[in-house]
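Undergrad: this is a predicted model, with the sequence first.
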Amino acid sequence: MVSFLCEIAGVSRSGFYNYFSSQAQERRERREEKDLILKENILNAFHFKRRKKGARQIKMTLEGQFRITYNLKRIRRIMRKYKIVCPIRRTNPYQKMLKATQEHTILPNLLNREFKQEIPGKVLLTDITYLYYDNRQKAYLSTIKDSSTNEILAYNVSSRMTLDLATDTLVKLTKNKRVKFAEGAFIHSDQGVHYTSPTFQKHVKKLGLGQSMSRRGNCWDNAPLESFFGHFKDEAYIKPCNTIEELKKEIRSYMTYYNNFRYQWNLKKMTPVQYRNHLLQVA
């Protein structure tokens with residue numbers, strides 16, 4: 001009977017008996033004990049700062065916060081085995097802003113997707129995204145991001161998508177004492193009505209910054225900020241917020257986490273603040 005079943009299963013008799021031997025069972029138990037330790041460490045990194053993470057984020061967090069080094073293959077195996085699931089971003093359709101009136105000015109693309117210039121304060125990216133909370137209540141988030149370091153330098157949250165949403169973000173940028181503009185610094189955006197506005201453009205000039213715009217309808221020209229919004233919506237606890245005040249508190253908490261504790265593969269496995277300080281040291 002055993003030979004017949006082994007033949008159907010495509011295994012040898014020796015392999016069948018070896019699998020059920022006491023030595024093989026002990027090896028499996030030892031492996032399971034090791035995997036449980038790995039699982040515990042990976043879960044500590046996965047839940048670090050209450051922000052869920054993928055395998056690469058877990059690897060960098062283990063190294064940066066827990067001084068533990070696992071390779072990606074091992075981390076991914078444990079995640080699959082114990083069903084540790086990272087949220088996956090869904091592609092959002094690119095939403096076109098209102099068409100600018102005749103008094104609004106569209107400016108040329110100075111950036112040309114040269115995002116990583118390795119100079120903090122040289123290229124600033126700005127954009128606005130929508131957020132749904134408390135059973136489809138809607139809010140808007142405006143951010144300014146340093147393209148070289150990925151650091152969020154300023155942000156503004158509002159329940160209305162008015163021009164103040166963008167201009168107040170510039171005001172908050174000026175109040176950030178850590179921000180020092182490099183020579184030839186400029187701010188890059190899409191061709192949204194906020195950024196083609198004469199009022200916004202006057203604010204930019206007053207800061208001594210140049211201004212650049214993506215090509216019409218081309219979200220790739222501001223891809224790093226689009227990527228940030230995607231990760232933010234995956235990792236921040238937006239939907240459970242019941243009020244705009246709770247939403248602002250959660251966003252403030254996430255921005256602190258993102259700048260200071262969220263390690264990034266393309267920043268030499270550093271956080272944005274660490275990478276900014278690294279670039280300033282080597283300059």
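TA: Looks like it arrived, so ask away. Residues are numbered from 1 along each chain as shown.
Undergrad: any chance you could list what contacts the lengthiest helix in the chain?
TA: If you go by DSSP state H, the chain has its longest helix at helix 22-46. Identification of contacts with helix 22-46 by CB atoms under 8 Å, 6 or more residues apart in numbering yields 18, 52-53, 57-58, 61-62, 65-66, 68, 70, 74-75, 78-79, 81-82, 84, 86. Every residue, glycine included, has its C-beta placed from N, CA and C.
Undergrad: now those residues: which count as buried?
TA: 52-53, 57-58, 61-62, 70, 75, 78-79, 84 (16 or more other CB atoms under 10 Å).
Undergrad: make TSV out of these and add pLDDT, secondary structure and distance to Gly121.
TA: Below are the buried ones among the contacts of helix 22-46 laid out as TSV (pLDDT from 0 to 100; DSSP: H, G, I helix; E, B strand; the rest coil; distance: CB to CB, whole Å):
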residue	pLDDT	secondary structure	distance to Gly121
Lys52	79	coil	31
Lys53	89	coil	28
Gln57	91	helix	26
Ile58	94	helix	31
Thr61	94	helix	27
Leu62	95	helix	31
Tyr70	95	coil	35
Ile75	95	helix	35
Ile78	94	helix	40
Met79	93	helix	37
Ile84	92	coil	38
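Undergrad: now stretch 268-283: buried residues?
TA: 269-276, 278-279.
Undergrad: got it, and stretch 21-40?
TA: Of the residues in stretch 21-40, those buried (16+ other CB under 10 Å) are 35, 38-39.
Undergrad: where do the strands of the stretch 51-200 of the chain begin and end?
TA: Applying DSSP state E, counting those that start in this stretch to the stretch 51-200 of the chain gives strands spanning 123-133, 137-146, 152-158, 186-189.
Undergrad: return the most buried member of the ones you listed.
TA: The highest mean neighbour count among the strands of the stretch 51-200 of the chain, using mean count of other CB atoms under 10 Å, belongs to strand 186-189: a mean of 24.
Undergrad: residue nearest the centroid of the chain?
TA: Nearest to the mean C-alpha position of the chain, by CA atoms, centre = their mean, lies His231 at 3.7 Å.
Undergrad: where does it land in three-state SS?
TA: Secondary structure state of His231, per DSSP: H, G, I helix; E, B strand; the rest coil, is helix.
Undergrad: can you map out the helices along this protein?
TA: 2-9, 13-19, 22-46, 55-65, 72-81, 163-175, 193-196, 198-206, 223-235, 244-260, 272-282.
Undergrad: could you dump the ones you listed to a markdown table with distance to Ser147?
TA: Listed next are these as a markdown table, based on distance: least, CB to CB, whole Å:
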| stretch | distance to Ser147 |
| --- | --- |
| helix 2-9 | 57 |
| helix 13-19 | 55 |
| helix 22-46 | 27 |
| helix 55-65 | 21 |
| helix 72-81 | 27 |
| helix 163-175 | 14 |
| helix 193-196 | 16 |
| helix 198-206 | 16 |
| helix 223-235 | 6 |
| helix 244-260 | 15 |
| helix 272-282 | 11 |
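Undergrad: could you tell me the least trusted of these?
TA: Within those, confidence is poorest for helix 13-19, with a mean of 65 (mean pLDDT).
Undergrad: hmm, Thr169 is touching Tyr140, no?
TA: No - using CB atoms under 8 Å, Thr169 is not in contact with Tyr140, being 10.8 Å away.
Undergrad: the longest helix of the chain: how far from the chain's middle?
TA: 31 Å (CA atoms, centre = their mean, to the nearest Å).
Undergrad: what angle sits between that helix and helix 72-81?
TA: Helix 22-46 and helix 72-81 are oriented at 100 degrees to each other (axes from the mean of the first three to the mean of the last three CA atoms, to 10 degrees).
Undergrad: report the angle between helix 22-46 and helix 55-65.
TA: Using the same axes, to 10 degrees: helix 22-46 against helix 55-65 is 80 degrees.
Undergrad: related to what we said a few turns ago, of all the helices of the chain, which lies closest to Gln117?
TA: helix 272-282 (10.0 Å; CB to CB).
Undergrad: what is that closest one packed up against?
TA: helix 244-260 (3 or more CB pairs under 8 Å, 6 or more residues apart in numbering; DSSP states H and E).
Undergrad: perfect, I'm done here.
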